[in-house]
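*Asks:* The following comprises the amino acid sequence and a computationally predicted model.
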Amino acid sequence: MSRLRPEISVAELNARGGEYLPGFLGVEMVELAEKRLTSRMPVKKLHFAPNDFLHAASIVALADTTCGYATIAHLPEGAESFTTIELKSNHLGTVRDGAVACVATAQHLGRTTQVWDAVVSDETTGRTIALFRCTQMILWPKG
């Protein structure tokens, strides 16, 4: 039995981010599958810190958005929403141009929590630049 919500599509996920941080940063979802979501983000000057390295917050925003959208696509029936309750990232490298890619994979899809891992890489070379993990709390209607 698929846990993927059939009404959620890549187009619908991309439309959600328009006027919010994901849209401003240029985050775009690419492919949605059972327990997996891929995304990308073209690298622009706004993604860099003043030291001319890719800002860690840009990478976290890409990974957290990808995992969050994956959570939306895998919410249990009847759930209202979710919120991130913990996240961790390890930064292993940077890019100076091009784009970064992200692959989020489900590690746990429970009724009250979900745990997602994401790998962020240089889209051109495939070299891993960050590892990310988050825990999402599933929110249910009150009453």
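*Replies:* Done, it's in.

*Asks:* any idea how far residue 17 is from the residue lying closest to residue 139 once chain neighbours are set aside?
*Replies:* Distance criterion CB to CB, 6 or more residues apart in numbering; nearest residue to residue 139, sequence neighbours excluded, is residue 81 at 4.6 Å. Bear in mind the C-beta positions are built from the backbone N, C-alpha and C, glycine included. According to CB to CB, to the nearest Å, residue 81 and residue 17 sit 16 Å apart.

*Asks:* Compare these two and say which one has the larger neighbour count.
*Replies:* residue 17 (18 against 13; other CB atoms under 10 Å).

*Asks:* Can you show me the helices along this protein?
*Replies:* 10-16, 21-25, 56-73 (DSSP state H).

*Asks:* What pLDDT is listed against residue 2?
*Replies:* We note a pLDDT of 65 for residue 2 in this prediction.

*Asks:* what does the one 10 residues further on give?
*Replies:* The score at residue 12 is 94. That number is its pLDDT.

*Asks:* At the geometric centre of this structure, which residue sits there?
*Replies:* residue 66 (1.4 Å; CA atoms, centre = their mean).

*Asks:* residues touching it, list them.
*Replies:* 27, 29, 37-39, 102-104, 118 (CB atoms under 8 Å, 6 or more residues apart in numbering).

*Asks:* would you list those residues in CSV and tack on neighbour count and distance to residue 124?
*Replies:* CSV is the format used below for those (neighbours: other CB atoms under 10 Å; distance: CB to CB, whole Å):
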residue, neighbour count, distance to residue 124
27, 26, 18
29, 26, 19
37, 30, 21
38, 18, 15
39, 28, 16
102, 26, 14
103, 17, 15
104, 27, 20
118, 27, 19
